[in-house]
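Asks: here is a sequence together with a model predicted from it:
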Amino acid sequence: MTEHTDHHHHHNHAHGQSLSLTWTFGYAIKGWSIAEGKFLICFILLLITSCFFEIASGIILAESFLISEGFRSGFDTLCVYVALVGLSFDINNPNPDKKYAFGYGRTQIVTAFGNAIFTLFTNLFALLEAVHHLYGGHAENHMLFGKELLIFKILIEILIYFGLIKSIRKDEKCSTFSDNLGIIAIKCLGFIITESLILVDSYILYDDIGIPLYTFVPILNILWIVVCMCLLRPYVARNGKILLLSAPSGNMRTEIEKKLREISILEGVVSIKSEKFWMVTSSTLAGSVLISVERNANPQSIIMKSRDCLSKLIEYFTIELVVEDDSTVKNE
């Protein structure tokens with residue numbers, strides 16, 4: 001039994017880099033050169049300001065609620081920072097190398113998946129808090145920034161949100177890029193909605209109202225949290241499947257099967273004995289194909305034609321040829 005193998009992928013020879021706080025900070029700074037990175041950096045600065053102001057005010061006023069909100073803003077800051085580093089790292093390392101033969105696109109998949117899971121958990125706690133607020137009667141929301149400053153903060157968040165949405169729509173064909181920024185956009189939208197509800201709540205004089213309108217704001221908050229969790233679910237499912245190296249499905253799988261049928265009818269090909277394909281990113285595939293060929297077939301011609309068929313769909317693949325003979329058939 002004779003085997004012929006063809007490996008198809010691209011390499012450059014950049015050196016791997018060790019992960020450290022300095023390393024991540026370096027890529028975060030590089031993010032300023034990217035339009036999307038500017039929006040993320042502005043969002044980070046806004047969240048850091050909120051975080052320190054809330055914690056400091058909570059300590060001074062002895063309000064545990066404000067300290068809790070400050071830590072929540074801190075965790076949100078970390079999420080956006082991770083998304084920024086992932087974006088910058090991917091953009092600044094567009095080609096595969098010796099350390100990462102399939103490239104660096106999975107960096108944004110990891111950050112998107114991690115941020116989606118974390119945001120789901122924080123939304124779960126926010127949901128419990130909103131339900132407690134609903135059944136516990138009206139509790140005055142803390143207007144920490146004052147109405148004018150809160151309006152200003154909401155306006156900045158609206159600008160960041162639409163900036164991210166514009167970037168996502170511009171590169172919507174790149175799902176990896178869209179997922180990473182999309183989760184941060186959902187997080188930004190969450191701030192806009194919850195802070196707008198706090199603002200509305202501050203204008204309602206509940207003592208002058210004979211009916212329990214105080215339920216209106218927490219109900220809207222609960223509805224938004226449920227909608228947000230529904231929006232995050234596809235991000236978790238899609239990126240989770242990619243991280244598990246799942247096989248492509250849908251139209252992508254149909255196109256692959258079409259190309260495999262084209263290979264199976266090439267001159268000298270007996271059959272395709274096995275094939276395996278998996279997703280490296282949402283738009284990048286890798287795989288291997290084992291083709292059984294006749295003894296008098298031209299292996300180089302079959303490899304070349306098979307490579308031409310697959311290269312339009314699959315970026316990284318291996319083609320192996322096995323020559324059929326009597327002993328091979330008996331062993332199968």
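Replies: Sure thing, it's come through.

Asks: how is the residue sitting nearest the centre point of the chain assigned, secondary-structure-wise?
Replies: The centre of the chain sits closest to A112, judged by CA atoms, centre = their mean, with a distance of 2.6 Å. Under DSSP: H, G, I helix; E, B strand; the rest coil, A112 falls in the helix class.

Asks: show me the helices in this structure, by range?
Replies: Per DSSP state H, the chain carries helices over the ranges 21-30, 35-61, 64-92, 106-135, 146-170, 175-203, 216-243, 251-264, 299-310, 326-331.

Asks: ok, back up a step: next, the contact list for the residue nearest to the centre of the chain, please.
Replies: Shown in contact with A112 (CB atoms under 8 Å, 6 or more residues apart in numbering): 83, 86, 176, 179-180, 182-183, 235, 239. The C-beta positions use only the backbone N, C-alpha and C, and glycine is treated the same way.

Asks: with mean pLDDT and distance to K98 added, can I get the helices of the chain in JSON lines?
Replies: Output for the helices of the chain, formatted as JSON lines (pLDDT from 0 to 100; distance: least, CB to CB, whole Å):
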{"stretch": "helix 21-30", "mean pLDDT": "80", "distance to K98": "18"}
{"stretch": "helix 35-61", "mean pLDDT": "90", "distance to K98": "27"}
{"stretch": "helix 64-92", "mean pLDDT": "86", "distance to K98": "17"}
{"stretch": "helix 106-135", "mean pLDDT": "85", "distance to K98": "16"}
{"stretch": "helix 146-170", "mean pLDDT": "88", "distance to K98": "31"}
{"stretch": "helix 175-203", "mean pLDDT": "84", "distance to K98": "22"}
{"stretch": "helix 216-243", "mean pLDDT": "87", "distance to K98": "22"}
{"stretch": "helix 251-264", "mean pLDDT": "90", "distance to K98": "28"}
{"stretch": "helix 299-310", "mean pLDDT": "89", "distance to K98": "23"}
{"stretch": "helix 326-331", "mean pLDDT": "34", "distance to K98": "35"}
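
Asks: possible to save these as CSV with distance to T318?
Replies: Formatted as CSV, these follow (distance: least, CB to CB, whole Å):
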stretch, distance to T318
helix 21-30, 32
helix 35-61, 35
helix 64-92, 25
helix 106-135, 19
helix 146-170, 34
helix 175-203, 23
helix 216-243, 20
helix 251-264, 14
helix 299-310, 10
helix 326-331, 20
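
Asks: quick one: closest of these to K276.
Replies: helix 251-264 (10.9 Å; CB to CB).

Asks: quick one, the closest one and helix 299-310 angle?
Replies: On the basis of axes from the mean of the first three to the mean of the last three CA atoms, to 10 degrees, helix 251-264 is oriented at 160 degrees to helix 299-310.

Asks: helices or strands up against helix 251-264?
Replies: Applying 3 or more CB pairs under 8 Å, 6 or more residues apart in numbering; DSSP states H and E, one finds that helix 251-264 makes contact with strand 269-279, strand 285-293, helix 299-310.

Asks: can you tell me the average pLDDT over the second one?
Replies: In other words, strand 285-293. On average, the pLDDT along strand 285-293 is 90.

Asks: from the chain's centroid, how far away is that strand?
Replies: Computed by CA atoms, centre = their mean, to the nearest Å, the chain-centroid distance of strand 285-293 equals 29 Å.

Asks: what is that strand packed up against?
Replies: Using 3+ CB pairs under 8 Å, 6+ apart, strand 285-293 is in contact with helix 251-264, strand 269-279, helix 299-310, strand 316-323.

Asks: change it to 7 Å
Replies: The contact analysis (3 or more CB pairs under 7 Å, 6 or more residues apart in numbering; DSSP states H and E) places strand 285-293 against strand 269-279, helix 299-310, strand 316-323.

Asks: ok, I34 to L87 distance?
Replies: 7 Å (CB to CB, to the nearest Å).

Asks: also H132?
Replies: H132 sits 36 Å away from L87, going by CB to CB.

Asks: give me the more crowded residue out of the two.
Replies: It is L87, of H132 and L87, that has more neighbours when counted by other CB atoms under 10 Å, with 27 against 11.
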